[in-house]
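Novice: Following is a predicted model, sequence given first.
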Amino acid sequence: MKKKTIALPLLLLGVIFTGCKDQKETNEDQDNPEIEANSEELKDEAGLNELSEKEKEEGWELLFDGESTDGWRGYGKDSFPQGWVIEDGALKVQGSGAGEAGGGGDIIYKEEFKDFELSLEWKVSEGGNSGIFYLAQEIDDEPIYTSAPEFQILDNEKHPDARLGKDGNRQSASLYDLIPAEPQNAKPAGEWNKASIIVYRGTVVHSQNGENVVEYHLWTENWKEMVANSKFKDWENFLNAGGDDKKGYIGLQDHGDDVWFRNIKIKQL
């Protein structure tokens with residue numbers, strides 16, 4: 001009987017100790033800001049070609065769902081062109097090997113945008129070349145690049161454009177042939193890069209892989225001078241990018257090489 005009387009309090013002490021320990025760990029977890037931050041991060045994480053709850057609240061719009069070409073069409077066309085396909089959740093332009101002279105041609109999204117932030121991911125094939133156009137006008141018998149600034153996409157290692165132009169202004173993320181991207185932080189061919197373009201009341205910022213690499217200001221005296229000293233000097237629609245309403249189309253370039261685009265989303269500002 002004595003032995004049993006001793007065992008019961010010991011058992012109760014063990015239960016109490018274990019319960020206190022579990023409660024302490026629970027309280028510590030609740031008070032740990034790192035755990036709370038990680039939970040919030042997971043909550044806001046979006047899947048491929050999806051918007052997170054936070055992005056939806058902030059007003060982001062998905063321009064490509066990874067499964068269809070809805071909303072996209074050929075520049076100067078009513079339909080989506082051959083030469084572009086959906087591959088592994090990405091919009092892919094299939095290289096023709098003929099540069100801008102071959103393939104399906106450039107594509108644009110159906111809606112015009114004025115002040116916005118565009119975000120997407122891209123990767124390029126070895127030696128590949130492409131671009132992202134913005135504020136583009138759709139003008140009969142004129143290609144898209146005569147009216148739209150271009151965020152350059154390039155394999156800097158293999159494509160000769162990387163060594164042409166001036167001071168690297170044809171390398172990846174540059175304002176094509178006008179302002180070089182600095183720092184130049186593009187990933188090699190075959191790897192995904194993240195691009196962002198902000199247009200707000202004429203101020204334009206290019207970002208690449210999380211760093212701002214280009215900033216300039218449309219329609220200013222500096223812009224006019226820069227264009228006047230470039231190959232675009234006689235292109236009135238380029239000088240007046242966005243037209244009278246200061247808005248235009250988002251376009252993706254077919255330059256004859258394999259290039260992939262995904263996670264295309266936009267927030268109007």
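Specialist: Everything's here; your move. Residues are numbered from 1 along each chain as shown.
Novice: right, and residue 82 touches residue 104 too?
Specialist: Yes. Between residue 82 and residue 104 there is a contact under Cβ atoms under 8 Å: 5.1 Å. (Each C-beta comes from the backbone N, C-alpha and C, glycine too.)
Novice: Of those two, which one has the most company?
Specialist: residue 104 (17 against 11; other Cβ atoms under 10 Å).
Novice: is it true that that one lies in a helix?
Specialist: No. Going by DSSP: H, G, I helix; E, B strand; the rest coil, the assignment for residue 104 is coil, not a helix.
Novice: which ones are touching the nearest residue to it once chain neighbours are set aside?
Specialist: Excluding the flanking residues, the one nearest residue 104 by Cβ to Cβ, 6 or more residues apart in numbering is residue 83, at 2.3 Å. For residue 83, the contact set (Cβ atoms under 8 Å, 6 or more residues apart in numbering) comprises 93, 94, 96, 103, 104, 105, 254.
Novice: What is the burial count for the first one?
Specialist: Other residues within reach of residue 93, judged by other Cβ under 10 Å, total 27.
Novice: what pairs with it across the strands?
Specialist: Per DSSP bridges, the residues bridged to residue 93 are residue 84, residue 259.
Novice: Please report the distance of residue 98 from residue 259.
Specialist: Computed with Cβ to Cβ, to the nearest Å, the distance linking residue 98 and residue 259 is 15 Å.
Novice: what do you get for residue 223?
Specialist: On the measure of Cβ to Cβ, residue 223 and residue 259 end up 28 Å apart.
Novice: between the two, who's got more neighbours?
Specialist: For residue 223 versus residue 259, neighbours defined as other Cβ under 10 Å are more numerous around residue 259 (27 against 18).
Novice: per-residue confidence for the more buried one?
Specialist: Listed pLDDT for residue 259 reads 97.
Novice: How about residue 46?
Specialist: 79.
Novice: Residue 79 now?
Specialist: Residue 79 is given a pLDDT of 96.
Novice: Return the residues in contact with it.
Specialist: residue 73.
Novice: again with residue 112
Specialist: 245, 247, 248, 249.
Novice: Leaving out sequence neighbours, find the closest residue to the second one.
Specialist: Leaving out its chain neighbours, the residue that sits closest to residue 247 by Cβ to Cβ, 6+ apart is residue 114, at 3.8 Å.
Novice: Distance of that neighbour relative to residue 241?
Specialist: 12 Å.
Novice: More neighbours: those two, which one.
Specialist: residue 241 (26 against 15).
Novice: With adjacent residues omitted, what lies nearest to that one?
Specialist: residue 135 (4.6 Å).
Novice: Residue 145 too?
Specialist: Nearest to residue 145 is residue 133, by Cβ to Cβ, 6+ apart, at 6.8 Å.
Novice: The one you found - how many residues pack around it?
Specialist: 25.
Novice: Cool, thanks, talk later.
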